[in-house]
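Peer 1: Kindly return the folded structure for what I paste below:
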Amino acid sequence: VQLQASGGGLVQSGGSLRLSCAASGRAFSSSDMGWFRQVPGKEREFVAGNGRRGGTTWYADSVKGRFTISRDNAKDTVYLQMNSLSPEDTAVYYCAATNNGGAYVYWGQGTQVTVSS
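Peer 2: Down below sits the predicted model:
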């Protein structure tokens, strides 16, 4: 499966961004989808996940109440709405999809999010 992330950019603290990730090459509705992020020198960390039918979501504690993950199975796209951004949210954001075993094995190329103070 191919994943194409977009929507990153530069935003001021307190601002919002919406990331998108378009999928192709696999039945989108067969995969859980997730967003991860990584800053230089640190491990990639989980941000948010969305079950294959879209009804189940889960979040890292650091983003709960500020970020919202959603998906449109008709468009094979997953979104990450990010509100109340802070400089600590600055990272490269990656979307990912699971295989039949539930492991995130498919990854997009990443999109840079930079939050200025």
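Peer 1: show me the contacts for the residue nearest the centre of the chain.
Peer 2: Geometric centre of the chain, nearest residue: Trp35, 2.7 Å, by C-alpha atoms, centre = their mean. The contact partners of Trp35, by C-beta atoms under 8 Å, 6 or more residues apart in numbering, come to 19, 21, 47-49, 69, 78, 80, 93-96. No exception for glycine: its C-beta is placed from N, CA and C like everyone else's.
Peer 1: For it, give me the pLDDT.
Peer 2: Listed pLDDT for Trp35 reads 98.
Peer 1: downstream neighbour of the strand or helix carrying it in the secondary structure list?
Peer 2: Assessed by DSSP states H and E, Trp35 sits inside strand 33-38. Scanning forward in sequence from strand 33-38 by DSSP H and E, the next helix or strand is strand 45-50.
Peer 1: Which secondary structure state is assigned to Ser62?
Peer 2: Following DSSP: H, G, I helix; E, B strand; the rest coil, we place Ser62 in the coil state.
Peer 1: Leaving out chain neighbours, which residue sits closest to it?
Peer 2: Nearest residue to Ser62, sequence neighbours excluded (C-beta to C-beta, 6 or more residues apart in numbering): Glu88, at 7.7 Å.
Peer 1: what are the phi and psi values for that neighbour?
Peer 2: phi -70, psi -10 (degrees, to the nearest 10).
Peer 1: Share the number of residues neighbouring it, please.
Peer 2: Glu88 has 11 neighbouring residues, counting by other C-beta atoms under 10 Å.
Peer 1: That one and Thr111: what is the separation?
Peer 2: Glu88 sits at a distance of 17 Å from Thr111 (criterion: C-beta to C-beta, to the nearest Å).
Peer 1: can you check Gly101 too?
Peer 2: With C-beta to C-beta as the criterion, Gly101 and Thr111 are 26 Å apart.
Peer 1: Those two: which has the busier surroundings?
Peer 2: More neighbours surround Thr111 than the other of Gly101 and Thr111, with 22 against 6 (other C-beta under 10 Å).
Peer 1: any idea what sits nearest Trp79, other than its immediate chain neighbours?
Peer 2: Rather than Trp, residue 79 is Tyr. Nearest non-adjacent residue to Tyr79, counting by C-beta to C-beta, 6+ apart: Ser70, 5.0 Å away.
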